[in-house]
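Participant: Next input, structure requested:
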Amino acid sequence: MADASRWTLWYDHSSVGGGGWVITVPNEHGFYITSFLSTIVTIAGASAWNIVSLLLHAHLARDGPATDVFGLQQQVSLRNSPSGIRAAVDALSLLASWRHTPGWKRIRRTALIAAPAVLVWGSFFAASLLTSLVANQATDRAIVRAKPSRCGFLVARRDDSDSGDGERVDRITFTDLITDKWSNDTINARAYALSVRTNSARNGPQRSIFMNPKLDYTFETEVPCGLPNATYCLNTVNATISLTSAKINSHADLGINAPPSDRVSFQHKAVCSVIDDGYFQTNKSGYIHYYLGPVGNFSSKGPTFRYPLGHWNSSVGYQMKASYARANSNASIMWHPRKGIARTDADQGVIFLSQNGVRYTQPVKDLFFIAERYERSTDSYKRNSFVSTMVCAEQRRWCSPSTAVETCTEWGSMEDLWKDAISLDGILGFNTAQRATAARISFTPNAVRIIDSPVSLNTAALFANTKVRFNRESSGLAENQWHQEIAGWFETMLADYQATTDEYVRKSSNLDAFKVLSPFDDVNEMITRYNFTHDMVATLQSQCDNQLIDDAVHIQNFSMVGVVIIIAFSSVLVLVSFCFVEILDWVSDLRRRGLGESSRTKIARQADEKLQLLRFAVDSSSENPKHWKLSRVTGIPVLATSGDGRDQECKVTRPTMKGDDLAMYPKNIEEVQQVADSEMSSMLTH
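Facilitator: Model prediction:
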């Protein structure tokens, strides 16, 4: 089974250069990385403000000790602000407190502090919120790593290996499993195709696990008959249509992670024609026989299909039978088209539709569902003929993955596509890795066809069937109904291409009974039976670890470059901030070298630091000044005690003002004047 739930470092070749390195983590672990990145960005923001505040302080202190009280308060506040927002608030508070005193330049000086403070704080606050957007990949691709024992091509034979998982299934049961798998593959592909084409408010399109949610194609109506004998097609407008896929890129569309030089592209084309049954039908023994070539035995003379006359029940709705043919194949389980229908350059399929007792409330003009016979007793319209017949021809070709060079091989059958892929002569200059990728896509046992829908789903493959009530009443069909049916089958086929490519790596547990042709364990069989080379096998082995899917539910991706840049940038800011005082001191000393004194900014920077201010306050309030020294490591002022280190030498009295009762400070001009008059009177009396 595949495992996309581990921490993984891988390279996404959708990107260029170092930006392709991706860290994939389980969704429940993604918050570890986002939280870590947000935390270090927050720390980096504090460091950035420390650097900016020191630069602003140096600018304000450049005039030396000659300054006003407002400027000194600004410098002290700036020197000890823990964050930009705190510094901005303090600066505005100072301005508001001094608003009644002269000095118009205070606004400019306040803006000099507040603006950078808010800018730094806001920038890093936004960065911490947007960190995940910067680091997280724009897409939700996840590399899928498969267990090598289950990586490889799923083939229609029993797994006879001794896996220890229980008894092996018997032949009959395994045959049923094969049938179920083919049907389920088509059912799932059709359900997916419908989900990506639906865009209603109630049933919006499902999120796709594939790299490209929907593969594009072109639809043409004015095309010639797709049969060698063009007279077999109905001679009317829109009797033949053509559907051609856009170039399907192995990386961008199928998720095979590879650099541009190792990618391949291919196209699939289907030409479907409604044919004139008159050339092939005969009435015999109560049946209408249709002879378009035998099904099964190549030499059989039996009809391709027969319809019972007079035995159908009016309660029976649509019935459909489909068979397919490989070009130039005599396989016993295939349809073998007759001359004039058979093509050597295309795989083909035939579809017979019986409308039986289905009635329409209005005439149907569609060529395949035509019903224009009015029945008065029921006031409805019935089919024009018992059976309608359609033949589809399918072709594929390889194309150069380069958009600059439009080079493709000739259109051919699936077998031709496979032979071109494994040919040692090379196609379109493909290298070994490209040939291995091409062989993986065109592996014959896993062939994908438009005819799979009617073969596996029968009438469930018809959009027209959804309009029928009680098996026989329909409101009517569009004039191009059969065009819509073919388009639905073609979209199902394109979705099946994506699912089959993904199945090389990821297989559900209900497929354990199937043999997996592994590039690890079955190298000899791949080389001798399927003509792979050793170099191609090595590429297929590496692809077991390189299948891309879109899995936002279970994983979260982070750009390795984005994570490294955030960590590196934040680390640099933290380191510079940690040493920035010393850096500024060194620059100041360098500029004052030879003058025999420290610079003004260096002195101010040291004096305005909160612990230095405390030292000044302690000395000014003490009768016996203390002896101080600066710590060698931190620069923090500490007492220079005697050798015996007595605790008593470190005892001081807290500096006080007005008994530490802040309420005793005057709050307005009148109180200030009263205090001043009182102090003056006291001085005069003494």
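
Participant: Tell me if C272 really is in a strand.
Facilitator: Yes: using DSSP: H, G, I helix; E, B strand; the rest coil, the assignment for C272 is a strand.

Participant: Isn't it up against T240?
Facilitator: Yes: using C-beta atoms under 8 Å, C272 makes contact with T240 at a distance of 7.0 Å. The C-beta positions use only the backbone N, C-alpha and C, and glycine is treated the same way.

Participant: Which parts of the stretch 51-200 of the chain are helices?
Facilitator: Per DSSP state H, counting those that start in this stretch, the stretch 51-200 of the chain carries helices over the ranges 69-79, 84-97, 105-135, 171-197.

Participant: Overlap in contacts, C272 and T240.
Facilitator: Residues touching both C272 and T240 by C-beta atoms under 8 Å, 6 or more residues apart in numbering: G226.

Participant: Quick one: name whatever helix or strand follows the stretch of helix or strand S453 belongs to.
Facilitator: Element membership for S453, per DSSP states H and E: helix 452-457. Scanning forward in sequence from helix 452-457 by DSSP H and E, the next helix or strand is strand 468-469.

Participant: and D253, what does it touch?
Facilitator: Per C-beta under 8 Å, 6+ apart, neighbours of D253: F210, M211, N212, L215, Q498.

Participant: Could you rerun that using 6 Å?
Facilitator: Listed by C-beta atoms under 6 Å, 6 or more residues apart in numbering, the contact set of D253 reads N212, L215.

Participant: Tell me how far it lies from W398.
Facilitator: D253 sits 14 Å away from W398, going by C-beta to C-beta, to the nearest Å.

Participant: same question, S183
Facilitator: 30 Å.

Participant: Who has more neighbours out of the two?
Facilitator: Applying other C-beta atoms under 10 Å to S183 and W398 shows that W398 carries more neighbours, namely 26 against 16.

Participant: list the helices and strands the helix or strand harbouring the more buried one packs on?
Facilitator: Per DSSP H and E: W398 is located in strand 387-399. Packing contacts for strand 387-399, counted by 3 or more C-beta pairs under 6 Å, 6 or more residues apart in numbering; DSSP states H and E, involve strand 265-274, strand 347-354.

Participant: what does that strand rub up against?
Facilitator: Under the contact criterion C-beta under 6 Å, 6+ apart, strand 387-399 has outside partners 226, 247, 265-275, 277, 307, 343, 346-354, 368, 408-409, 411, 417, 420, 427, 449-450.

Participant: what's the answer for stretch 451-466, then?
Facilitator: In contact with stretch 451-466 (C-beta under 6 Å, 6+ apart) are residues 182-183, 186, 318, 320, 322, 324, 349, 351, 477, 481, 484-485, 489, 492.

Participant: ends of it, how far apart?
Facilitator: 20 Å (C-alpha to C-alpha, to the nearest Å).

Participant: from the middle of its chain, how far away would that stretch be?
Facilitator: 32 Å (C-alpha atoms, centre = their mean, to the nearest Å).

Participant: Which residue ranges make up each domain of the chain?
Facilitator: 2-140+565-590, 148-279+321-550 (automatic domain parsing).

Participant: Least confident secondary structure element in this protein?
Facilitator: Ranked by mean pLDDT, DSSP states H and E, the weakest helix or strand in the chain is strand 2-3, scoring a mean of 49.

Participant: mind exporting the helix or strand just after it as PDB, just the C-alpha atoms?
Facilitator: Per DSSP H and E, the first helix or strand lying C-terminal to strand 2-3 is strand 8-11. Taking Å, rounded to 0.1, in the frame of the first residue of the first chain, the C-alpha atoms of strand 8-11 are listed here in PDB:
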ATOM      1  CA  THR A   8       9.300  13.400   3.500                       C
ATOM      2  CA  LEU A   9      11.800  15.600   1.700                       C
ATOM      3  CA  TRP A  10      11.400  15.300  -2.100                       C
ATOM      4  CA  TYR A  11      11.900  17.300  -5.300                       C
END
